[in-house]
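Engineer: Have a look; sequence and predicted model below, questions after that.
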Amino acid sequence: MTSFIEQRVAGKKAFITGAAGGLGAAMAHLLARHGAKVFLTDINEEAVYAVATAINAEHGKTVAWSAAQNVRDEERWQSALAEADSAMDGISVLVNNAGIGAIGGVEALQPKEWHRVMGVNVDAVYLGCKYALPLLRQHQPGSIINISSMAAYKIDPDYTVYNASKAAVASLSKSVALDCARQKMDVRCNSIHPSFIRTGIVEPFFEQLGEEEAIKKLTRGVPLRRLGEVDDVAYAVLYLASNESRYITAAEFRIDGGASAV
Ligand SMILES: NC(=O)c1ccc[n+]([C@@H]2O[C@H](COP(=O)([O-])OP(=O)(O)OC[C@H]3O[C@@H](n4cnc5c(N)ncnc54)[C@H](O)[C@@H]3O)[C@@H](O)[C@H]2O)c1
């Protein structure tokens, strides 16, 4: 059980997308352990409900809520945020975490795939920021954390749209940060850039290559010579959600074992 002194985000109210598993579920568990309320959404309603149920069981009280949300749906953004605002009595943290990938070089990639990935990875982040800001404004200090990727800097020609989408998230995060700052709004916005972590999104590598080859491929060029773990990212989210990071905005957090330096 986390002691009082370790409650780094006590009183914070966090809305997290794509929280049915992987990185989103890990962030939700960690933020709740450190005193936050969490409202979790995902396109996979059953799985996100299970995450919220597990968090509530751990705490013996309701600190987590869940709801179905397709982040591509603009109206659903507005209604889901309103539900979270009412359940938690406010929102002070937004984590735009839902994301998908697609494989294909420029010529092979179909326009439909391009729009699908850009819709989830970029349009949804814009919609989330746009519709959450009026609520965050009411609960300052606030923090927006957008999950980008090392793919924003390290280009693989087979990941055309994923690379482009994650670079767009880094840029969009800075626009949001500067827009809040010029309004003298105490809402910070930062992006997080993980390298490979074993979650649903990288599972196809393991299916195609087998365990050993997949690990070899995914850790190539990582100075720390291992895959990342979900908590490596969750701890960065905890820091950015807390007031400990109050002077940090428009920053890019590289959680990549040093990969982007080489
Ligand atoms: N795992 C990695 O190696 C890695 C590395 C860098 C960045 N990321 C990013 O981290 C974020 C989380 O991914 P993850 O690794 O936990 O993978 P994941 O596949 O386990 O989680 C992604 C979640 O997003 C949900 N989702 C997909 N489309 C959605 C939609 N339209 N609306 C709502 N929810 C939707 C999925 O159901 C899933 O629960 C993503 O943005 C991903 O791009 C992951």
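Structural biologist: Right, received. Where do you want to start?

Engineer: in this structure, which residue is closest to the centre?
Structural biologist: Centroid-nearest residue in the chain, with Cα atoms, centre = their mean: N97, separated by 2.4 Å.

Engineer: How about the contacts made by that one?
Structural biologist: The contact partners of N97, taken as Cβ atoms under 8 Å, 6 or more residues apart in numbering, are 16-19, 23-24, 27, 147. Using the backbone N, CA and C atoms, a C-beta is placed for each residue, glycine as well.

Engineer: which stretches of the protein form helices?
Structural biologist: Ranges of helices in the chain, per DSSP state H, are 22-33, 45-59, 74-88, 111-118, 124-137, 160-182, 203-209, 211-219, 230-241.

Engineer: Can you pull the residues of the chain lying near the ligand?
Structural biologist: 17-18, 20-24, 42-44, 69-72, 97-100, 120, 147, 149, 194, 196-197, 199-202 (Cβ under 6 Å from any ligand atom).

Engineer: Could you identify the buried members of those?
Structural biologist: Those of the residues of the chain next to the ligand that meet the buried threshold are 17-18, 20-24, 42-44, 69-72, 97-100, 120, 147, 149, 194, 196-197, 199, 201, by 16 or more other Cβ atoms under 10 Å.

Engineer: Just want the residue of the stretch 51-200 of the chain that's nearest the ligand.
Structural biologist: Residue of the stretch 51-200 of the chain nearest the ligand, by Cβ to the nearest ligand atom: G99 (2.1 Å).

Engineer: how about the nearest residue to that residue, chain neighbours excluded?
Structural biologist: In this structure, G99 finds its nearest non-sequential neighbour in N121, 5.1 Å apart by Cβ to Cβ, 6 or more residues apart in numbering.

Engineer: thought V187 was touching Q138?
Structural biologist: No - in terms of Cβ atoms under 8 Å, V187 does not count as a neighbour of Q138; the distance is 10.4 Å.

Engineer: show me what contacts R254?
Structural biologist: 150, 193, 260.
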